[in-house]
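**Student:** here's a sequence, model it:
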Amino acid sequence: DRAVTKLLISEPNPNAVNAASQITLQCLNTSEKDHVLIELISAIIEEPFFDDLRTKQQLGYIVSSGVKGVDQSRTLSAIVQSNVAPSERLTSAMMTFLDGVRDKLLLPLNSADIELYVKGLIDRRLEPDKQLAIEVTRNWSEIASGRLQFDRLQAEVAALLDINKQDILDYWDELYNSDSSRILVTEIVPRTGQVSSKEPSLRGDGVKHILGINDIEQLRASGEMRLSTS
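**Tutor:** This is a model prediction of the structure:
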């Protein structure tokens, strides 16, 4: 079973009526191939994710997914905010979608599909910088981080050209379907409105680790966080 950590937070604004849930999948691998594979998967699931949860299920107006880089790690996040469905329902719907990604979105891919997604990511990397500030910021980030990889874009293009369907399936299995998967679920629970709750429930519901935060201001002041296991 994959290990999932859940963070439950009471909405600090008592007048806010929106529930929200974010699922974050973290990859600690540092190769260019790993970095472009998570972007490729993000590109594959972005439109179907929005279509399913926003258009079909109408769970919320804010429905999005995407990749973020922090140093050498990469995270793939899916986010839904809603005033019509509680946070646990948002999480359940997102997990159901992610459970079906391999069979519904990745297995049906053919070589032409993959080439189209790859081309989009390559074109983005090879597009000339429109402003000097963009080029300076990119190069300065290499200096500030100590990585000093000034040919990163070219290296990632080479990695993209080397990707095949099995690479995508293997990467997804490691990212989401393995016992080494790093998955964080964060739920914001409002205190007013039709999807409100007095305080986050600490029931496990199959989740391995749960962090319950009922007073975020107190948490910030104390600098402490308690971990309970289910």
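**Student:** please enumerate the strands of this protein.
**Tutor:** Ranges of strands within the chain are 4-10, 19-27, 62-70, 73-82, 182-189, 209-213, 228-229, based on DSSP state E.
**Student:** make CSV from those strands and add mean neighbour count, distance to residue 52 and mean pLDDT to it.
**Tutor:** C-betas here are computed from N, CA, C, even on glycine. Listed next are those as CSV, based on neighbours: other CB atoms under 10 Å; distance: least, CB to CB, whole Å; pLDDT from 0 to 100:
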stretch, mean neighbour count, distance to residue 52, mean pLDDT
strand 4-10, 20, 20, 84
strand 19-27, 22, 14, 95
strand 62-70, 16, 9, 91
strand 73-82, 21, 11, 95
strand 182-189, 20, 18, 91
strand 209-213, 18, 26, 49
strand 228-229, 9, 32, 38
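**Student:** who wins for proximity to residue 105 among those?
**Tutor:** With CB to CB, the closest approach to residue 105 among those belongs to strand 62-70: 12.2 Å.
**Student:** just checking, what packs against that closest one?
**Tutor:** When contacts are defined as 3 or more CB pairs under 8 Å, 6 or more residues apart in numbering; DSSP states H and E, strand 62-70 packs onto helix 32-50, strand 73-82.
**Student:** and of the strands of the chain, who's closest to residue 132?
**Tutor:** strand 62-70 (22.1 Å).
**Student:** run the chain-centre distance for that closest one.
**Tutor:** Strand 62-70 has its C-alpha centroid displaced from the chain centroid by 5 Å (CA atoms, centre = their mean, to the nearest Å).
**Student:** direction included, what does that strand pair up with?
**Tutor:** Within its sheet, strand 62-70 is paired with strand 73-82 (antiparallel), according to DSSP bridges.
**Student:** so what touches the strand it pairs with?
**Tutor:** With contacts defined as CB atoms under 8 Å, 6 or more residues apart in numbering, strand 73-82 is touched by 18-28, 30, 34-35, 38-39, 41-42, 49, 53, 59-69, 90, 93-94, 97-98, 175, 195.
**Student:** give me the buried positions along stretch 118-132.
**Tutor:** 118, 121-122 (16 or more other CB atoms under 10 Å).
**Student:** for those residues, which one is nearest residue 111?
**Tutor:** Out of the buried residues of stretch 118-132, the member with the shortest distance to residue 111 (by CB to CB) is residue 118, at 10.2 Å.
**Student:** what residue ranges in the protein score low on pLDDT?
**Tutor:** 1, 129, 135, 138-140, 142-150, 197-230 (pLDDT under 70).
**Student:** let's go with 90 and repeat that
**Tutor:** 1-16, 29-30, 60-61, 69-73, 124-156, 179-180, 188-230 (pLDDT under 90).
**Student:** any idea which residue is closest to the centre of it?
**Tutor:** residue 77 (1.2 Å; CA atoms, centre = their mean).
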